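Asks: only geometry, no sequence info:
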């Protein structure tokens, strides 16, 4: 079945540091890939998405490129802010129609 | 983007009582909604798929009689936790797909704000 593996957290960074959160997936066919963000006490918000190989999703300074050859969708940001502190989930929409498969989530804490 | 709203955002109840959580798509119609449960510092666990006008499809290991799901209209799905116990305390999140936004193809889901249930 489909699965998503994220790097273990938590991740703690200083403001303006470079961020990478690794995400790899297993799926048949050509899944769509997503990054969702969850701020404390809130639901999930779509951060960015990519629907086919080599697509780059970007939003709010975050980027992720759909790499089919390495089955990866790593999240990056060049300069994080305190307000980026949240839980980040990598997810895919694949063989099971309508269902998202989530990674385990990565807690990011950014200090001033 | 499409907006999904949940109510209540927080609820505290006594053990043995039932609690209803509503999930509404505010600006689009959703024939299918999904209910997730999130444990502290854990990922989201899909509980069930709610289909408008038909029975919900539950994931393996989810008690159908404990978690009643009703999808009465194209904009409303409800989750009722029956005879709640402390172990049912959790963060419940619903999601839906806006069929008119091309999300049908990409698989993107829009999520509600979540409902935190605490059973005393």
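Replies: Happy to help now that I have it. The structure presented is a predicted model; accordingly, all values stated were derived computationally and were not measured.

Asks: tell me which parts of chain B are close to chain A?
Replies: Proximity of chain B to chain A, by CB under 8 Å from any CB of the partner chain, involves residues B:1, B:4, B:6, B:32, B:34, B:41-44, B:46, B:49, B:93, B:95, B:97, B:105-114, B:116. For the C-beta atoms, the positions are set from N, CA and C on the backbone; glycine is no exception.

Asks: Can you go through the residues you listed and name the buried ones?
Replies: With neighbours counted using 16 or more other CB atoms under 10 Å in any protein chain shown, the residues of chain B next to chain A contain these buried positions: B:4, B:6, B:32, B:34, B:43-44, B:46, B:49, B:93, B:95, B:97, B:106-114, B:116.

Asks: Mind checking which of the residues you listed land in strands?
Replies: Under the assignment DSSP state E, these contribute B:4, B:6, B:32, B:34, B:44, B:46, B:49, B:93, B:95, B:110-111, B:116 to strands.

Asks: Residue A:91 is in contact with residue A:100, isn't it?
Replies: Yes. Between residue A:91 and residue A:100 there is a contact at 4.6 Å, judged by CB atoms under 8 Å.

Asks: Neighbour count: these two, which is higher?
Replies: residue A:91 (30 against 27; other CB atoms under 10 Å in any protein chain shown).

Asks: Which strands border whatever helix or strand the more buried one lives in, and is each parallel or antiparallel?
Replies: Taking DSSP states H and E as the definition, residue A:91 sits inside strand A:86-93. Next to strand A:86-93 in the sheet, as set by DSSP bridges, lie strand A:32-38 (antiparallel), strand A:100-102 (antiparallel), strand A:106-111 (antiparallel).
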